[in-house]
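In: Here is the input, now give the coordinates:
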Amino acid sequence: MMQFAIGTYTISMKYLFKRSNRNTYYHRRRVPADLADQYPKPFIEISLKQNDKSVAAALVAVLSGCRAAY
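Out: Numbers count the residues shown, from 1 in each chain. Modelled structure (predicted):
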């Protein structure tokens with residue numbers, strides 16, 4: 001989970017993360033149990049291709065609301 005402050009507000013993004021050696025943000029979700037045998041890894045990671053936290057947070061909000069985007 002990533003947290004960042006915007007003014008007096010603190011925003012927590014559960015599915016947003018950033019690797020230590022890169023500037024790009026990623027969206028990461030666990031593969032549902034009924035589909036786990038069809039995926040080689042336990043998580044699905046999607047590069048958001050964004051360096052800006054606020055833009056990445058907005059993209060994660062959209063992706064989290066729509067699981068069909070995978």
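In: As a quick check, tell me the outermost residue of this protein.
Out: In the chain, the residue that sits farthest from the middle, by Cα atoms, centre = their mean, is Thr8; the gap is 23.2 Å.
In: wait, what's in contact with that one?
Out: Contacts for Thr8 (Cβ atoms under 8 Å, 6 or more residues apart in numbering) come out as none. From N, CA and C alone the C-beta is placed, and that goes for glycine too.
In: That one and Ala61: what is the separation?
Out: 20 Å (Cβ to Cβ, to the nearest Å).
In: now swap in Phe43 and tell me
Out: Counting by Cβ to Cβ - Phe43 and Ala61 are separated by 19 Å.
In: the more surrounded of the two?
Out: More crowded of Phe43 and Ala61, by other Cβ atoms under 10 Å: Ala61, with 13 against 10.
In: which secondary structure element contains the nearest residue to Thr10 once chain neighbours are set aside?
Out: Leaving aside its sequence neighbours, Thr10 sits nearest to Gln3 (Cβ to Cβ, 6 or more residues apart in numbering; 5.9 Å). Of the helices and strands defined by DSSP states H and E, Gln3 is found in strand 2-6.
In: Same check on Ala56?
Out: Residue-wise, Ala56 maps onto helix 53-65 under DSSP H and E.
In: What confidence value was assigned to the residue nearest the centre of the chain?
Out: For the chain, His27 is the residue whose C-alpha lies nearest the centre (Cα atoms, centre = their mean; 2.1 Å). As predicted, His27 sits at a pLDDT of 88.
In: Hmm, Met13 and it touching each other?
Out: No. Between His27 and Met13 there is no contact under Cβ atoms under 8 Å: 9.3 Å.
In: Quickly list what's touching both of the two.
Out: With Cβ under 8 Å, 6+ apart as the test, His27 and Met13 both reach Val60.
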